[in-house]
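Student: build the 3D model from these lines:
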Amino acid sequence: MIKTVSIIGMGALGMLYGRNLTRALGYENVTFLMDRERYERNKDKTCVINGEEFRFHMIPEEEAKIADLVIVAVKYPGLPGAIEVMRGCVGDDTVIISVMNGISSEKILAEHFGEEKIVYTVAQGMDAARFGQELTFSKSGALHFGLVPGSRKENLDAVTEVLARAELDYVLEDDIIYRMWGKYMLNVGCNQTCMVYQATYGDLSSNEEVNYIFISAMREVLAVANAEGVRLTEADLSMYAGLMKTLGPKLMPSMAQDRINGNPSEVDAFSGELIRHAEKHGILVPVNRYLNRRAKEIEAEYLK
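Tutor: Model prediction:
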């Protein structure tokens, strides 16, 4: 049974899951682990979640203790740093889940900590947005889990049990790789388009040009997924596009929030990763090359 949780990353998803887990397991048993500099910046801050003030238990990495569960909730550029920070809380029996976007974080974490510790996970259906210390959301979505060769079913069972205690929804997948690529297809289209066009979820369907780029970018992922042996279809694309109509129309995905907050984006985890896979198969992905270039140009302006 999972009794202690360490969360790496205090963004929208980290705060969302951290709140419920803290309520279920107790303040002392759910910690946000961070490097000393980040800890000093955040230790005295109070978060606001849907208008309610909430205090999280934060500790610097040198005070880390072995946790039953580690949740990696950083943006893609922060993964190398997160791996170093979390070394102190990963023991022989620790279970690790990544709620990061993209299709590569589990493989990277497995290289450092062992495949047997990883439960493959997809976070889907939430519209959480964080600006400063304030988090707002109308849908908390669900965590999708599945087994791959090398996974331990008892780890999966332990994770779903603690989520049930924390009143967090989850879905068990027969083919988690298929689900990961489906979410990745959505992220590639939605996140990048909203960042480049400064668009909201509502704009993805109501603005003709934004909708064209959104769907075209997803369709390029579909072609590459099929070449990789993943069974994504046009029906999946339509389902994911339709999902955007259920989210808050004035809210926006994480990459668009990065532009507003002046943070490095996950463009390399989205179109960057796709371009590498596409080149391997000789597939043209002009829309994603365009979004990759524009996102990096925009980033260069606000990060200089």
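
Student: what segments of the stretch 201-304 of the chain are strands?
Tutor: Applying DSSP state E, counting those that start in this stretch to the stretch 201-304 of the chain gives no strands.

Student: and the helices in it?
Tutor: Using DSSP state H, counting those that start in this stretch, the helices found in the stretch 201-304 of the chain span residues 203-206, 208-227, 234-243, 254-261, 273-281, 286-303.

Student: not counting the worst-scoring helix or strand of the chain on mean pLDDT itself, show me its contacts.
Tutor: The helix or strand of the chain with the poorest confidence is strand 129-131; it has a mean of 78 (mean pLDDT, DSSP states H and E). For strand 129-131, the surrounding residues in contact (C-beta atoms under 8 Å, 6 or more residues apart in numbering) are 11-12, 15, 135-137, 251-252, 257, 260-261. The way it works is simple: take the backbone N, C-alpha and C, and place the C-beta from them, glycine included.

Student: now which of these would you call buried?
Tutor: Burial by neighbour count, 16 or more other C-beta atoms under 10 Å: within the contacts of strand 129-131 this picks out 11-12, 15, 135-137, 251-252, 257.

Student: any idea which of the helices of the stretch 201-304 of the chain gets closest to L21?
Tutor: When the helices of the stretch 201-304 of the chain are compared by C-beta to C-beta, helix 254-261 sits nearest L21, at 20.5 Å.

Student: other SSEs contacting that closest one?
Tutor: strand 129-131, helix 176-197, helix 286-303 (3 or more C-beta pairs under 8 Å, 6 or more residues apart in numbering; DSSP states H and E).

Student: can I get these in JSON lines with distance to V210 and mean neighbour count?
Tutor: Rendered in JSON lines, the data for the helices and strands packed on helix 254-261 read as follows (distance: least, C-beta to C-beta, whole Å; neighbours: other C-beta atoms under 10 Å):
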{"stretch": "strand 129-131", "distance to V210": "18", "mean neighbour count": "17"}
{"stretch": "helix 176-197", "distance to V210": "5", "mean neighbour count": "24"}
{"stretch": "helix 286-303", "distance to V210": "12", "mean neighbour count": "16"}
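
Student: would you mind giving the helices of the stretch 201-304 of the chain as JSON lines with mean pLDDT added?
Tutor: Formatted as JSON lines, the entries for the helices of the stretch 201-304 of the chain read as follows, by pLDDT from 0 to 100:
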{"stretch": "helix 203-206", "mean pLDDT": "96"}
{"stretch": "helix 208-227", "mean pLDDT": "98"}
{"stretch": "helix 234-243", "mean pLDDT": "95"}
{"stretch": "helix 254-261", "mean pLDDT": "91"}
{"stretch": "helix 273-281", "mean pLDDT": "97"}
{"stretch": "helix 286-303", "mean pLDDT": "96"}
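
Student: hang on, I59 in a strand?
Tutor: Yes: using DSSP: H, G, I helix; E, B strand; the rest coil, the secondary structure at I59 is a strand.

Student: OK, contacts around it?
Tutor: 31-34, 39.

Student: neighbouring contacts of the helix or strand containing R19?
Tutor: Counting by DSSP states H and E, the element that carries R19 is helix 12-25. Outside of helix 12-25, the residues within contact range by C-beta under 8 Å, 6+ apart are 3-5, 7-8, 10, 30, 32, 47, 49, 54, 56-57, 71, 73, 99, 123, 126, 128-130, 135, 137, 140, 162, 165-168, 254, 257.

Student: in helices, which of those residues appear?
Tutor: Among the contacts of helix 12-25, the residues falling in helices (DSSP state H) are 162, 165, 254, 257.

Student: next one: the second one from R19, what distance?
Tutor: When distances are taken as C-beta to C-beta, to the nearest Å, R165 and R19 turn out to be 14 Å apart.

Student: more crowded one of the two?
Tutor: Here R165 and R19 are set side by side on neighbour count (other C-beta atoms under 10 Å), and the busier one is R19, at 21 against 15.

Student: which one of the helices and strands packed on helix 254-261 lies closest to E106?
Tutor: With respect to E106, and counting by C-beta to C-beta, the nearest of the helices and strands packed on helix 254-261 is helix 176-197 at 8.2 Å.

Student: the closest one packs against which elements?
Tutor: strand 120-126, strand 140-146, helix 203-206, helix 208-227, helix 234-243, helix 254-261, helix 286-303.

Student: need the per-residue pLDDT for the nearest residue to E220 once chain neighbours are set aside.
Tutor: Closest residue in space to E220, ignoring its immediate chain neighbours: V285 at 4.3 Å, by C-beta to C-beta, 6 or more residues apart in numbering. The pLDDT attached to V285 in the predicted structure is 98.
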